[in-house]
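Asks: fold the following, please.
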Amino acid sequence: MSVLVVLAAGGSGSRMGSVRNKIFLSLSGKTILQRSVESFHGLIDKMVIVCRKADEKEVQQILSSCRISFPVLFRS
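Replies: Next up is the predicted model:
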């Protein structure tokens, strides 16, 4: 059996009064995106990140520094 996670990251942060998507905000030295993605290390086979097209490049940049054991696909 294959385990797939869909990570919803398509927000803008506007409801919390931020000018950036909250996945890019830092929490104890790592972005919320890093913490979310790395929490699945060793537990899943694949991840799909659903994000705004405008955020995709920054998401890919952050993922390059993540410790993960699975491929990540993008959808916008």
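
Asks: mind listing what the spatially most central residue of the chain touches?
Replies: Central residue of the chain (CA atoms, centre = their mean): Leu33, 4.0 Å from the mean position. Residues counted as contacts of Leu33 (CB atoms under 8 Å, 6 or more residues apart in numbering) are Ala9, Ile23, Phe24, Val59, Ile62, Leu63. In short, each C-beta sits where N, CA and C put it, glycine included.

Asks: can you pick the most crowded of the residues you listed?
Replies: Among the contacts of Leu33, Ile23 has the most neighbours (other CB atoms under 10 Å), with 24 neighbours.

Asks: isn't that residue up against Ala9?
Replies: Yes. Using CB atoms under 8 Å, Ile23 is in contact with Ala9, at 4.8 Å.

Asks: who does the lowest-mean-pLDDT helix or strand in the chain pair up with?
Replies: None of the helices or strands of the chain scores lower by mean pLDDT, DSSP states H and E than strand 72-75, at a mean of 90. Strand pairing for strand 72-75, using DSSP bridges, gives strand 46-51 (parallel).

Asks: show me where the protein has strands.
Replies: Using DSSP state E, the strands of the chain run over 4-9, 26-27, 30-31, 46-51, 72-75.

Asks: which one of the ones you listed lies closest to Met16?
Replies: strand 26-27 (13.2 Å; CB to CB).

Asks: quick one: which of the strands of the chain is nearest Ser39?
Replies: That would be, of the strands of the chain and by CB to CB, strand 4-9, which comes in at 9.7 Å.

Asks: hmm, who's touching the closest one?
Replies: Outside strand 4-9, the residues touching it (CB under 8 Å, 6+ apart) are 21, 23, 33, 36-37, 40, 44-51, 55, 59.

Asks: which two among those are spaced furthest apart?
Replies: Asn21 and Asp45 (26.1 Å).

Asks: these two - which one has more neighbours?
Replies: Counted by other CB under 10 Å, Asn21 and Asp45 do not tie: Asn21 has more neighbours, with 22 against 13.
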